[in-house]
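> Mind looking at a prediction? Sequence and model below.
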Amino acid sequence: MSPLFACAGCGVQIERSVRLYRQQKGRVFCSTCIDRQEAERQQAGLQPRPEAGGGDGAGNAGRP
């Protein structure tokens, strides 16, 4: 079971891996805050952040 961390945006408790927590240097966000940040970037004319690890989210990075 993954530990609970506080979202850096809104403070809600979210389950994330320790590896991700360390990779993000303690700045983990819930999906709602991530969506909000991406919407703000799109309104500002910036590209959305790529997903961590790339690929289609199913571990198929670089596979046709």
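That came in fine, so what should we check first?
> mind checking how far the closest residue to Arg36 other than its chain neighbours is from Ile34?
Distance criterion CB to CB, 6 or more residues apart in numbering; nearest residue to Arg36, sequence neighbours excluded, is Gly9 at 7.4 Å. Heads up, the C-betas are built off the backbone N, CA and C, glycines and all. Noted for Gly9: a distance of 8 Å to Ile34, by CB to CB, to the nearest Å.
> repeat for Cys7
Cys7 is 9 Å from Ile34, by CB to CB.
> out of these two, which sits in the more crowded spot?
Cys7 (18 against 15; other CB atoms under 10 Å).
> ok, that one - contacts?
Gln13, Ile14, Val28, Phe29, Cys30, Cys33 (CB atoms under 8 Å, 6 or more residues apart in numbering).
> okay, the residues you listed in JSON lines with distance to Gln42, pLDDT and secondary structure next?
What follows is these, written out as JSON lines (distance: CB to CB, whole Å; pLDDT from 0 to 100; DSSP: H, G, I helix; E, B strand; the rest coil):
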{"residue": "Gln13", "distance to Gln42": "28", "pLDDT": "96", "secondary structure": "strand"}
{"residue": "Ile14", "distance to Gln42": "23", "pLDDT": "94", "secondary structure": "strand"}
{"residue": "Val28", "distance to Gln42": "22", "pLDDT": "94", "secondary structure": "coil"}
{"residue": "Phe29", "distance to Gln42": "17", "pLDDT": "94", "secondary structure": "coil"}
{"residue": "Cys30", "distance to Gln42": "19", "pLDDT": "95", "secondary structure": "coil"}
{"residue": "Cys33", "distance to Gln42": "15", "pLDDT": "95", "secondary structure": "helix"}
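> Closest to Leu20 out of those?
Minimum distance to Leu20 across the contacts of Cys7 is 6.5 Å, recorded for Val28 (CB to CB).
> doesn't Cys10 make contact with that closest one?
No: at 11.5 Å, Val28 does not count as touching Cys10 under the criterion of CB atoms under 8 Å.
> Looking at these two now, which is surrounded by more residues?
Val28 (20 against 12).
> Now do the helices in the chain.
For the chain, the helices defined by DSSP state H occupy 18-23, 31-43.
> would you turn those helices into a markdown table with distance to Met1?
Listed next are those as a markdown table, based on distance: least, CB to CB, whole Å:
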| stretch | distance to Met1 |
| --- | --- |
| helix 18-23 | 11 |
| helix 31-43 | 19 |
